[in-house]
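Student: My questions are about this predicted structure, shown below with the sequence.
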Amino acid sequence: MKKLLKLIRPHQWLKNGFVFIPMFFGGGLLNTDNIVHGIITFFSFSFIASSIYCFNDIIDVDDDRRHPIKCQRPIASGAIGITSAYVLMAVMVLLSFSLLLLLPSQGGKVAAVVLFYFVMNLTYCAKLKQYAILDVCIIAFGFVLRILAGGTATGIMLSNWLVLMTFLLTLFLSFAKRRDDVVRMNETGEAPRQNTIRYNLTFINQAITITASVTLVCYVMYTVSPDVTSRFNTQYLYLTSIFVLVGLLRYIQLTVVDKRSGDPTKILMRDRFTQLIVVGWISAFLVIIYLL
């Protein structure tokens, strides 16, 4: 059972919390139906993501066996066979789409988004991740699909700013993760991924700086846009930009100084400073939206 859980990576389900973003920014956290629909969508995306993890480990089994860390993955280590991994993948897919039957009229549309995400990531694992820049763009677009699914499930319209911020933030995180691969390649002389040779530290550092800067500007523009200030009836959302700025700087510090950007999920779960920033930002946003 432990090996099966390691294969489907439930700790990575934290990423699927993006499905709640439309509810959070849309002021729908107090709506019971929205909460239930959001939870259903969250687990649907979690199961479909786990099926992709199974497929990815099957496809990458040879490369993983040569990797100092990934060689411990269940398939690469021989703890789980290829056939068993395919069966587990099928079970995850079945669970994902079965859950969506619990949604009302929007279930079909959410299922279409999940299906598109599934097919896109199959092609990503099989071929597209070999192409530098395209690989990180696909990962970032996957998070856009998460918020699209969350918005569809709850009936909340997504603003253009929200879509842009999601894409830019996850693109920033993806470039930071690729930097970890480049550092390992420079230290060992062997590329962890086929496309790592198309990156270097100069390019990655500039890409991180650009995406972080544009993300911050986009967030500030969102908080002061007339549509948002009128919808929330407040002029003070821009104050939350302080947390976003500090959060980006902290992540850049972890990436460039500490060289710990390999797994954003683990950073969020283990780095106390990052956790305080996230809690502070959420608390400030909630206070401004719901109390002021």
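Tutor: That came in fine, so what should we check first?

Student: Make sure residue 184 is actually in contact with residue 199.
Tutor: No. If you go by C-beta atoms under 8 Å, residue 184 and residue 199 don't touch, sitting 11.6 Å apart. In this view, the C-beta of every residue, glycine as well, is placed from N, C-alpha and C.

Student: For the residue nearest to residue 107 when sequence neighbours are not counted, give its distance to residue 106.
Tutor: Distances taken as C-beta to C-beta, 6 or more residues apart in numbering put residue 100 closest to residue 107, at 4.9 Å, once the chain neighbours are dropped. Distance, residue 100 to residue 106, by C-beta to C-beta, to the nearest Å: 9 Å.

Student: tell me the contacts of residue 89?
Tutor: Residue 89 sits next to 51, 54, 55, 58 when contact means C-beta atoms under 8 Å, 6 or more residues apart in numbering.

Student: swap in residue 267?
Tutor: So residue 267 contacts 251, 254, 260, 261, 274 (C-beta under 8 Å, 6+ apart).

Student: buried stuff in the helix or strand containing the last one?
Tutor: Secondary structure assignment for residue 274, by DSSP states H and E: helix 272-286. In terms of neighbour count (16 or more other C-beta atoms under 10 Å), helix 272-286 has its buried residues at 274, 277, 281, 284, 285.

Student: and if you look at stretch 252-267?
Tutor: 252, 254, 255, 256, 260, 261, 262, 264, 267.

Student: tell me which element the residue lying closest to residue 81 once chain neighbours are set aside falls in.
Tutor: Leaving aside its chain neighbours, residue 81 sits nearest to residue 75 (7.7 Å; criterion: C-beta to C-beta, 6+ apart). When elements are assigned from DSSP H and E, residue 75 belongs to helix 74-77.

Student: Can you list the neighbours in contact with that helix?
Tutor: Contacts of helix 74-77 (C-beta under 8 Å, 6+ apart): 3-4, 6-7, 57-58, 60-61, 64-65, 67, 70-71, 80-82, 85.

Student: Kind regards, and thank you for your time.
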